[in-house]
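1. sequence unknown, structure follows:
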């Protein structure tokens, strides 16, 4: 199968967050499974290209305006081919999405051109069996395929899988952007890309793609709720039968303490002695006294934003420091949290180490040298650091949300199972209690080693996610009339078996067809969390506009920090993460 990835960033060429890691690792994993994969990226400043494939591509924008980007060929890495959309006026800038804390004012035009150019890559250079698009910057690919290219015999039947890496970033713009980027006016309606009298690119991806994915199963459930839907939960619920959560994988070629060249000593589950050397090195790097070596060290590597749960840490900071622990913090972000950790370092000299920066080498040192790793996120679509921590024998303390809930199992002392410590209520008290529980078990050397070894034995490589994505691609192709493969046949057997089990046992809550297609357990299988009921056929007979509007408006009663502002007629405050950040 030929899979064309379209993304606004991807390593090793560009990065602001976890999206870039996925766009680097997943294509390689798919190639390893025997598929052909190419990736289309913007050619940002500093990106080298091997050759020019198309010197001038004609891209229609609004009215009579045209743009003429080139398509450049990049290097083949890990069997993956790369193409770059080269328009210096749009992409040769300081920063990917903005500068000085503000989005570029022409982001709608930049990524509309990028989407049209990516479609032309599939038409003129690299014919694809399926598009895999990521986040709002590429959401116009399915919109354009089902409108402007709907009669094109080479493109009209290509399915689109659209992945939501973070529901909080919409790509929301004023209504006049329709004319500026050449979108048909008929799209501006509640069942299209209209959102509170503005244009919402992400909504276009949700509505017009064949299948939707998120980066964890729990997050696929959460974005159907008011709390995590950022105003689009009603839209997602209507597409619930085409939604599946697939947990991101980890690149163990870069994150493995047995082979990591960035840490002071290598170690493994068979010999953990090197971890103590790494702990000593960590204390030295953060200028903390070595006489505290026997104290447990809690590590944090993160962007300093409310989403990551730093308001809980602020609430309980001094209570936390009453415990017998040390804190090592690496990150950058909101000034209020930079001040918080600076104040803690001053108030507790020798016990709090702080580096206000994002540094990959230091991130590896924290993972290897800390005893515990804290991630108290308000929401976390997937998360990577908790999976890195497991591999490094650094016990995670997490809130049970998104990918954190999917990947961390609470420790059960009676049975010796579990990989970390979780809390459910979003409160400072719940966080403090989870830390206290971890500290309690740290004092029992036998318990602690069992938790470490349980985590180090986990496999969160990309092999399984790649297989689930490949199956979903085939399901999407089958929906367009392409011949099913053995993978699709296997998925159908899973669905049949579930139906038979439901007929024999207790009544089952309706689950998404997409989740069943990739053979995943679905809500109603004894999971504690139950998402909102997807719209059934009997509900779809009601006026769709009313359902969409009611669901959306109800969601806006409790706006999220990084979500859209319904009172803002222009762009969302931040449509993407700041540069040089982690998950």
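-> Sure thing, it's come through. Everything numeric here is computed off the predicted structure, so don't read it as measured data. Numbering: from 1, shown residues only.

2. May I see the buried residues of stretch 472-484?
-> 472-478, 482 (16 or more other Cβ atoms under 10 Å). Quick note: C-beta positions are derived from backbone N, CA and C, even for glycine.

3. Take those residues and keep only those in helices.
-> Per DSSP state H, helices hold the following members of the buried residues of stretch 472-484: 472-478.

4. Roughly how far does the residue most central in space within the chain sit from residue 223?
-> Centroid-nearest residue in the chain: residue 165, 3.3 Å away (criterion: Cα atoms, centre = their mean). Going from residue 165 to residue 223 by Cβ to Cβ, to the nearest Å gives 11 Å.

5. residue contacts, residue 463?
-> 29, 32-33, 249 (Cβ atoms under 8 Å, 6 or more residues apart in numbering).

6. Filter the residues you listed down to just the buried residues.
-> 29, 249.

7. Out of the contacts of residue 463, the closest to residue 321 would be?
-> Relative to residue 321, the closest of these is residue 249; by Cβ to Cβ it sits at 35.5 Å.

8. Which helix or strand contains the closest one?
-> Remark: residue 249 resides in no helix or strand, with elements defined by DSSP states H and E.

9. any idea how far it lies from residue 21?
-> Counting by Cβ to Cβ - residue 249 and residue 21 are separated by 9 Å.

10. Show the end-to-end separation of stretch 371-380, please.
-> 22 Å (Cα to Cα, to the nearest Å).

11. Just to check, the residue nearest to the centre of the chain is in contact with residue 20?
-> No. Look at residue 165 against residue 20 with Cβ atoms under 8 Å: they stay out of range, at 10.1 Å.

12. How much space separates residue 226 from residue 339?
-> Distance from residue 226 to residue 339, by Cβ to Cβ: 32 Å.

13. what about these two, which has more around it?
-> residue 226 (18 against 13; other Cβ atoms under 10 Å).

14. Distance check, that one against residue 167.
-> Residue 226 is 12 Å from residue 167, by Cβ to Cβ.

15. swap in residue 471?
-> 24 Å.

16. which one in the protein is furthest away from the centre?
-> residue 291 (39.6 Å).

17. On the three-state scheme, it is what?
-> helix (DSSP: H, G, I helix; E, B strand; the rest coil).

18. Same check on residue 149?
-> coil.

19. cool, residue 221 as well?
-> helix.

20. I'd say it and residue 240 touch.
-> No. Taking contacts as Cβ under 8 Å, residue 221 lies outside contact range of residue 240: 9.5 Å.

21. For the residue farthest from the centre of the chain, list the residues it contacts.
-> No contacts exist for residue 291 under Cβ under 8 Å, 6+ apart.

22. between the buried residues of stretch 472-484, which is closest to residue 135?
-> For those, the nearest to residue 135 is residue 472 (17.5 Å; Cβ to Cβ).

23. List the neighbours of the host helix or strand of residue 301 that are in contact with it.
-> Here residue 301, judged by DSSP H and E, is contained in strand 297-304. Under the contact criterion Cβ under 8 Å, 6+ apart, strand 297-304 has outside partners 279, 282-283, 308, 310, 325-334, 337-338, 341, 362-363, 366-367, 369-375, 385, 394, 397, 435, 577-578, 581-583.
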